Structure formats: C-alpha cells, structure tokens
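Student: sequence? don't have it. structure:
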C-alpha cells in the first residue's frame, strides 16, 4: 500500500526516451570554477574532520570513532566526484580530470581506470538480461532461480541477504576486491597499473599513518570512514536500480535510452543528504546523459517537470526494496522470495 506522501515510480514512456538526449545535451558543459569549488568544499571538510578525529583520540576513542563515521559522508561525496571524472563530466580537460580521479581513488580505495571501465560497461548494458555480471548487483529472473540447484539457490539467497549486501559486501568490495582489476584481469597492463598504483599509494598512506600514530588511527579513523562510506555507496547504488518497477529485458527488446530512464530511480532525498551525495539520486537523468556534471542535475529537474516526476523513489520506499530479489519477466517487476513462493511455488 502506497502512503499518502509517496509517489509510485512513473516510467517515462519509451517513445520519448531518445528525445530527451537532445534536450539534456544543453546541460553537459561543466564550469571549471564550479568544479574546483565543489572539490574544495568536499576535500577541506573531509581533511578537517580527519584531523579532528585524530586529535580526538587523545580525549576519547569513542569520540574519534564517531567523527570518523560522520566523515564517511564526505568520502561518499569524494567518490561521486571521482565518478563524474570517470564520465568526463567534471572538467573540460580530460587529462586533468583523469588525474583528479586517480588521486581521489586512493581515498576511496577504488582504482580509477579499472572502475571507469567497469562502470562504463554497467552504463552500456544496464537493464539487459543478456549482459549481466560486471558493475551491477546480481539479479536472477524467476526462471533462472527455478533452474538452479538447491546449493545455487542457497548461494543466491545468501548473496541477496541484507547483511551480506550492505554490511559484509561493501567491506569486501572496497577493501579486498578493488585490490585487483576484477572483470579486467586479462584486458591489458593499463588496468593492472591502475590497481597496483592505487594499492601502492594506499600502502604508503597507511605506513605513514602507523609511523605517526600507531595502529589506532587505522582502526578508529581510517577503517570506519572507509567502511561507512562503502556501505552508503553500495546502498545508493542498490536503490538506484533495485526497485519494483525497474527495467530488465532481453537484447532483442532492449533499448539503451529506455533502460536508462526506466531502470534507474529518482531517489528523492532531503537536504543536506542531496548535497552530501552530490545529487547522485537523480540517477535516471544521469544514466540517460552521463556527461552532465552532478551540480547541474538539479537544473534538469527544475526545467523539465516530466523528469522531476519520473521514477521517484522515497526513502521509505527504498527500505522496502531490500525485500525484492527476483525479476519476474511475465509481470515485468522485481519480486520478493516470499511472493515468488506464493505465486510460483519456488523454494
């Protein structure tokens, strides 16, 4: 039952999807000074909170830990800036934004060139049932789940468990998996250089941290900030694509613009959450035209009412999306294991 203050996601109809590309092209140009400002107002508070947490260790470990958790929100914003660099939307100069992205990747534990390539694959194939597995949350159809062995079903149910997805998963992804160029292991030296270069800088930073303050700054500041940022980031990515009326289709029926709009949510967040997440909740517009700088996305909604109303997902609705696990090709909806058991007799 939809609450009175909620709006059911309304997909923009596919005949108009391609037309939006021409409309959105006028918002693609970044402002160098605005981008620099966004970088400064993100990095300066992040570094100040890091310093404050370090100083707080002499007063209370719990205080330092609390400040580190708070700083995770600024690390999320740093990641979104890195994300814009990967889409060539942050600076007009590609070389400058690539190096900014690589430096920020040391803070976010994400090798920039590896992530940029896998994320490009995600954008290129999002919503296509025949091209899953890189840069997305694994989603099985009802029939695929039915065809699995008991062990395969158990593995998938474990993978989709909220504790795995949002507690264990983010730490594994950012702390362990990102240390190697998974998905691009045989794609050339460039991605290995990105991963190993990022790893080397992380090791240097950790060594310096331990030399100056021992292991407590790592345990009380570095890891909590990284883990909470990773958890928030994975949550945002999940709700941006895993909602009941999302879009999945086979290659023969798949159309990139339609999938971009209908398969990405407009996550409606209050301020200051919109600022801290750098408007990444306006994800349907981002997927349709990824070259728009994040700070121009509100302009798009302001000028285009249809996009402002499309694919809206409230915070309350996003919590319920955690219980959606399988894609029902017949009904074109995500459904829970419970509903699949009731409707199709799956176990």
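Tutor: Thanks, I have the structure now. As the structure is a computational prediction, the values presented were derived from the model and not from experiment.

Student: element containing the most centrally placed residue in the chain?
Tutor: Centroid check for the chain by C-alpha atoms, centre = their mean gives residue 237 as the closest residue, at 3.5 Å. Assignment of secondary structure by DSSP states H and E places residue 237 within helix 223-241.

Student: what's the offset of that helix from the middle of its chain?
Tutor: The chain centroid and the centroid of helix 223-241 are separated by 7 Å under C-alpha atoms, centre = their mean, to the nearest Å.

Student: What are the contacting residues of that helix?
Tutor: By C-beta atoms under 8 Å, 6 or more residues apart in numbering, the residues outside helix 223-241 that reach it are 50, 65, 68-69, 71-73, 75-76, 79, 108-109, 126, 136-137, 165-167, 169-171, 173-175, 263-265, 267, 277, 280-281, 283, 313, 318, 321. Every residue, glycine included, has its C-beta placed from N, CA and C.

Student: Now, these that are in helices?
Tutor: 50, 65, 68-69, 71-73, 75-76, 79, 108, 169-171, 283, 318 (DSSP state H).

Student: which two of those residues lie the greatest distance from each other?
Tutor: Across the ones in helices among the contacts of helix 223-241, the longest distance by C-beta to C-beta is 31.2 Å; it joins 65 and 283.

Student: For these two, indicate the residue with more neighbours.
Tutor: Comparing residue 65 with residue 283 by other C-beta atoms under 10 Å, the one with more neighbours is residue 283, at 23 against 19.

Student: The more buried one touches residue 266, doesn't it?
Tutor: Yes - applying C-beta atoms under 8 Å as the test, residue 283 and residue 266 come out as touching, 6.8 Å apart.

Student: Walk me through the regions of the stretch 1-150 of the chain where pLDDT falls short of the threshold, as ranges.
Tutor: For the stretch 1-150 of the chain, applying pLDDT under 70 flags the ranges 1-16.

Student: Strands of that one, residue ranges please.
Tutor: 140-141 (DSSP state E, counting those that start in this stretch).

Student: Surely residue 249 is in contact with residue 128?
Tutor: Yes - if you go by C-beta under 8 Å, residue 249 and residue 128 touch, sitting 7.1 Å apart.

Student: Overlap in contacts, these two.
Tutor: Shared contacts of residue 249 and residue 128 (C-beta under 8 Å, 6+ apart): residue 259.

Student: Contacts only, for residue 254.
Tutor: Counted by C-beta under 8 Å, 6+ apart, residue 254 has contacts 127, 128, 129, 130.

Student: Mind doing that once more with 10 Å?
Tutor: For residue 254, the contact set (C-beta atoms under 10 Å, 6 or more residues apart in numbering) comprises 125, 126, 127, 128, 129, 130, 131, 247, 248, 263.

Student: Most neighbours among the residues you listed, please name it.
Tutor: Most crowded among those, counting by other C-beta under 10 Å, is residue 263 at 25 neighbours.

Student: In three-state terms, how would the nearest residue to it once chain neighbours are set aside be classified?
Tutor: Among residues not flanking residue 263 along the chain, residue 247 sits closest, at 3.5 Å (C-beta to C-beta, 6 or more residues apart in numbering). Residue 247 falls in the coil class when you classify it by DSSP: H, G, I helix; E, B strand; the rest coil.

Student: hang on, residue 247 packs against residue 329?
Tutor: No - taking contacts as C-beta atoms under 10 Å, residue 247 lies outside contact range of residue 329: 11.8 Å.

Student: which of the contacts of helix 223-241 are buried?
Tutor: 50, 65, 68-69, 71-73, 75-76, 79, 108-109, 126, 136, 165-166, 169-171, 173-174, 263-265, 267, 277, 280-281, 283, 313, 318, 321 (16 or more other C-beta atoms under 10 Å).

Student: number of nearby residues for the residue nearest to residue 160 when sequence neighbours are not counted?
Tutor: Leaving aside its sequence neighbours, residue 160 sits nearest to residue 325 (C-beta to C-beta, 6+ apart; 4.8 Å). By the criterion of other C-beta under 10 Å, residue 325 has 22 neighbours.

Student: can you check residue 234 too?
Tutor: By other C-beta under 10 Å, 19 other residues sit near residue 234.

Student: quick one, phi psi at the residue nearest to residue 263?
Tutor: The phi/psi pair for residue 247 (degrees, to the nearest 10) reads phi -130, psi 130.
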